[in-house]
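Trainee: Here you go, sequence then predicted model.
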Amino acid sequence: QMDVAEALVLKVDTLCIAGTGASKTTSTTMPLLLDPSNWALIISPLKVLQEEQVLRFFFKMGITAVAVNKDT
């Protein structure tokens, strides 16, 4: 997790493939909080997870986010 967060803070193009519960959200959120000009593309196979991340994590932290799926 720290390797991914560090790479993102250093603006290194990064690909993180990790299973459920591997704290991917923490790794990608930290750099977004440090520099609002950063952006991240997070791919999640489940709409429920997409919506949860947008509402629970990003919206509450003041990070602009949108879930893109067949409903949007």
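Mentor: Noted; the coordinates are in hand.
Trainee: Could you check the pLDDT of the closest residue to Leu33 other than its chain neighbours?
Mentor: Using CB to CB, 6 or more residues apart in numbering and skipping the chain neighbours, the partner closest in space to Leu33 is Met61 (6.5 Å). (Each C-beta comes from the backbone N, C-alpha and C, glycine too.) Note on Met61: pLDDT of 82.
Trainee: residues near Met61, how many?
Mentor: Residues contacting Met61 under the criterion other CB atoms under 10 Å number 11.
Trainee: With Pro31 instead?
Mentor: 20.
Trainee: Could you report the distance from it to Met61?
Mentor: As judged by CB to CB, to the nearest Å, Pro31 and Met61 stand 12 Å apart.
Trainee: got it, and Ser44?
Mentor: 17 Å.
Trainee: what do you get for Trp39?
Mentor: 14 Å.
Trainee: Then Lys24?
Mentor: 15 Å.
Trainee: Next: Gly21.
Mentor: 20 Å.
Trainee: and the residue nearest to Leu33, backbone torsions?
Mentor: When read as degrees, to the nearest 10, the backbone of Met61 gives phi -90, psi 0.
Trainee: surely it meets Met30?
Mentor: No: the pair Met61 and Met30 fails to qualify as a contact (CB atoms under 8 Å) at a distance of 10.4 Å.
Trainee: number of nearby residues for Thr29?
Mentor: 21.
Trainee: Adjust the sequence numbering to begin at 8 for everything that follows.
Mentor: With the count now opening at 8, the last piece we talked about shows up as Thr36.
Trainee: Where does it sit: helix, strand or coil?
Mentor: Following DSSP: H, G, I helix; E, B strand; the rest coil, Thr36 is assigned to helix.
Trainee: Quick one, grab the pLDDT at it.
Mentor: pLDDT, Thr36: 81.
Trainee: cool, and Ser30?
Mentor: 73.
Trainee: Now do stretch 41-53: distance to the chain's middle.
Mentor: 4 Å (CA atoms, centre = their mean, to the nearest Å).
Trainee: same check, this time on stretch 37-45
Mentor: With CA atoms, centre = their mean, you get 11 Å for stretch 37-45.
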